[in-house]
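S.K.: Provided below for reference: sequence and predicted model.
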Amino acid sequence: MTVEVELDILRDKFRELVTGNEKISDELINMIIQRKRSLEVDFHDILMFDKTLADLVIERPKQVLPEADKVVREIVEEKDPETARQLKRFYFRVRNPPLAVPLRKLRSEYIGRLIKIEGIVTRQTPPKHFLYKALYRCTQCGYEIELMQELERHVEPPAKCPRCGASKSFTLVTELSQYIDWQKVIIQERPEDLPPGQLPRSIEAVLLDDLVDTVKPGDIVALSGIVDLTLSELKKGRPPIVTSYVQGVHVETMNKELVEEITKEDEQKILEISRRPDVRELIVRSIAPSIYGYEEVKEAVACLLFGGNEIVYPDGVRVRGDINILLIGDPGTAKSQLLKFVAKIAPRAVYTTGKGSSAAGLTAAVVRDKLTGEFYLEAGALVLADKGVAVIDEIDKMDAKDRVALHEAMEQNTVSISKAGIVATLNARAAVLAAANPAFGRYLPNRTVAENLDLPVSLLSRFDLIFVIRDEPREEFDSAVAGHILDLHSGKTPEAFRDVLRPDFLRKYIMYARRYVRPLLSEEAKERIKAFYLEMRRRYQGPGTAIAITARQLEALIRLTTAEAKMRLSPIATAEDAERAIRLYLAFLKSVGIDIESGAIDIDAIITGVPASRREAYIKVVELLKKMEEAEKGPVKIDKLKAEAEKLGIPPAEVQRIVDLLIRNGEAYTPRPGYIKRVT
């Protein structure tokens, strides 16, 4: 059967398929009821009906599918003429064609064929109007002609009018021509599909009519479409450049957490593992087993991978379920190795470094479309990591102006853009695992975490857990580490690898837990968390004393508790889960939340960078600086500030520490060497 000659037979075949297949017929009725334009048909149903027809759909979709569209419209007209009159256009959309082609293997052999590609949407143009049926009228005699337009080529009217013979007399009648919505998206390879050391490949896809705005940057999509070509403008003396694109036939957003298939055998094994009494210890051992020790850090990382529960309150306020963790480590403490393991094991992860990231690269960039000259959004790392993990190494090396972009993403899980006339809010529901190096080379225990890091406290306070990994000589530990590393290099299987989950299975276990398990707090767990919270709050004795915990940390405790329950695939978070979460939280507090002068637990050391013991001095110096600025009518000499502060009993070293903190937090700056001025 040839397409050119037997179109009537072809339409009859499609009519028989649509009306004779109960599933497709029901889908058509639902389409009419919901007033949709698209009839979605699985390719397998076409194949089971008629193999020849299925082959034509794959090999000649540009000729075959328009005939199927006509059949759908005819049937809708018969069943509901009013809907057919109002909606006008209908589509026969084929999903799951057998030609599933990886983006980097898209070759010329697929031109003109119906294929399926999978990837992540990185860019999206604003919707445009495509003139698909142009009505031209002769200005001399009124003769009219309708021309169907092609996506990448404008079809011109005849040079002469067939009726009166007038030359170049046709003009476009815009109000009687027909238009459909049109949009371009860029689909890029998923990070987990990239071969080692390769840059991701991407392709342009065109979406028409009701497919417009069905996806957005950051979505993982499966697109069925026709591979087509576009010819660049010809330049004298240069060969024409032909580029390929995909004309979308069907598009669906894939589950962001479950892009890998979990078989029945996998599910059975997952449930079997979850019943082990030591399942949490097993999971913690399976996190980067090549790195010796760091059990508390690994358990915290496991909590990050499993995640807590996202909560939406009755008033619409949304509380994130993702857990953010910062690792501060001396050189050579395997921070980067741990981060790379997480990037590999997380169901969805984007790895980036502080030095190589800009604010636009982290959130979203506004780029200009080369065809129309208009601006549109391109998703950044945090948006691409939506429903996954954003891994940021050397976050302290990031420029201060770029770090600001992290604030909203980490607390609200959104990215707001207002550039070049585009105002948009994108989802960035990603857990952030970051690593930083101490500002002085090694972590100094006699300084606060804010002083040890070249990071503002506004960013530090958004991490649920912060761990300091210090490299201190300890004979027993050093001996164990040396033995572990030597075993790895001598071909032996170290003890740490003997009872662990394989990375690919651990990924599936995490995906299963994130998708199917949403633990609720038991009464015992609620009581334990409440008792701990109140106990820590009671330590506050009034102004000038340390505050050990705030409501923000209470929410972090709840996230950790539910993550601990997810590791067991338990629908209920128990008191034991709460105890483990409290243990991790106390480890974090003892690591960085200590007032180094009083020895008391003080969350303000992280939240404000100023522990209680220094708060009074901090307030005095800030007030003194304000008065001196007013007197000087400009910047104040730092040495003069120290001299005046010393009269108030504040040592020069403490003043310098406060000055450094003000500058680091963006509350003051140095207009010239040796001077300071507040930001007002």
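M.R.: In hand now; what should we look at?
S.K.: where's Phe92, which helix or strand?
M.R.: strand 91-95 (DSSP states H and E).
S.K.: following that strand, which helix or strand shows up next?
M.R.: strand 114-124.
S.K.: tell me which residues of the helix or strand following that next one are tucked away?
M.R.: Once strand 114-124 ends, the next helix or strand along the chain (criterion: DSSP H and E) is strand 128-138. If you call a residue buried by 16 or more other C-beta atoms under 10 Å, then strand 128-138 has these buried ones: Lys128, Phe130, Leu131, Tyr132, Ala134, Leu135, Tyr136, Arg137, Cys138. No exception for glycine: its C-beta is placed from N, CA and C like everyone else's.
S.K.: hmm, back to that, okay, the strand holding Phe92 in CSV with CA atoms only?
M.R.: Only the C-alpha atoms of strand 91-95 are listed here, as CSV (Å, rounded to 0.1, in the frame of the first residue of the first chain):
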residue,chain,number,x,y,z
TYR,A,91,-4.8,15.2,16.6
PHE,A,92,-4.0,11.5,16.5
ARG,A,93,-1.0,11.4,18.9
VAL,A,94,1.2,8.3,19.0
ARG,A,95,3.1,7.5,22.2
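S.K.: if I pick Asp577, what's in contact with it?
M.R.: Asp577 makes contact with Pro519, Ala525, Thr561, Thr562, Glu564, Ala565, Arg568, Ser570 under the criterion C-beta atoms under 8 Å, 6 or more residues apart in numbering.
S.K.: do you know how far it is from Arg559?
M.R.: From Asp577 across to Arg559, the span is 11 Å (C-beta to C-beta, to the nearest Å).
S.K.: ok, now Asp454?
M.R.: 27 Å.
S.K.: thinking again about what came up before, strands paired with the strand holding Phe92, and their directions?
M.R.: strand 38-42 (parallel) (DSSP bridges).
S.K.: what about whichever helix or strand comes after the strand it pairs with, average pLDDT?
M.R.: Next in sequence after strand 38-42, counting helices and strands by DSSP H and E, comes helix 43-49. The average pLDDT within helix 43-49 is 89.
S.K.: helices or strands next to the next helix or strand after helix 43-49 in the packing?
M.R.: Going down the chain from helix 43-49, the next helix or strand is helix 51-59, by DSSP H and E. Using 3 or more C-beta pairs under 8 Å, 6 or more residues apart in numbering; DSSP states H and E, the elements in contact with helix 51-59 are helix 7-20, helix 43-49, helix 61-79.
S.K.: Run a quick neighbour tally on Thr363.
M.R.: Thr363 has 25 neighbours, counted by other C-beta atoms under 10 Å.
S.K.: separation between the spatially closest residue to it that is not a sequence neighbour and Ala428?
M.R.: In this structure, Thr363 finds its nearest non-sequential neighbour in Val415, 4.3 Å apart by C-beta to C-beta, 6 or more residues apart in numbering. Separation of Val415 from Ala428 (C-beta to C-beta): 5 Å.
S.K.: Show me which of the two is the more surrounded one.
M.R.: Each of Val415 and Ala428 has its neighbours counted (other C-beta under 10 Å); Ala428 has more, 31 against 25.
S.K.: mind listing what the more buried one touches?
M.R.: Gly218, Thr363, Leu382, Val383, Ala385, Asp386, Ala390, Ala409, Asn413, Thr414, Val415.
S.K.: So the residue nearest to Thr363, which state does it fall into?
M.R.: strand (DSSP: H, G, I helix; E, B strand; the rest coil).
S.K.: Next up, the contacts around it.
M.R.: Here Val415 is in contact with Thr363, Ala364, Gly380, Leu382, Val383, Ala405, Glu408, Ala409, Thr425, Leu426, Asn427, Ala428 (C-beta under 8 Å, 6+ apart).
S.K.: Now the two most distant members of these.
M.R.: Ala405 and Asn427 (14.9 Å; C-beta to C-beta).
S.K.: More neighbours: those two, which one.
M.R.: Comparing Ala405 with Asn427 by other C-beta under 10 Å, the one with more neighbours is Ala405, at 23 against 19.
S.K.: what about the stretch 251-400 of the chain, any weak spots by pLDDT?
M.R.: Residues of the stretch 251-400 of the chain meeting the criterion pLDDT under 70: 255-261, 356-360, 364-365, 368-376.
S.K.: Just list the residues touching the residue lying closest to Thr353 once chain neighbours are set aside, thanks.
M.R.: Residue nearest to Thr353 in three dimensions, not counting chain neighbours: Asp393, with 4.7 Å by C-beta to C-beta, 6+ apart. Neighbouring residues of Asp393 by C-beta under 8 Å, 6+ apart: Lys335, Ser336, Leu339, Tyr351, Thr352, Thr353, Gly354, Ala434, Ala435.
S.K.: Point to the helix or strand of this protein where mean pLDDT is at its lowest.
M.R.: Lowest by mean pLDDT, DSSP states H and E among the helices and strands of the chain is helix 604-607, with a mean of 59.
S.K.: Would you mind checking the average pLDDT for the helix or strand that that helix is followed by?
M.R.: Counting by DSSP H and E, the element after helix 604-607 in chain order, helix or strand, is helix 612-632. The average pLDDT within helix 612-632 is 80.
S.K.: what's the domain layout of the protein?
M.R.: With domains defined by automatic domain parsing, the chain comprises 7-95, 103-253, 264-592, 614-678.
S.K.: Okay then, goodbye and thanks.
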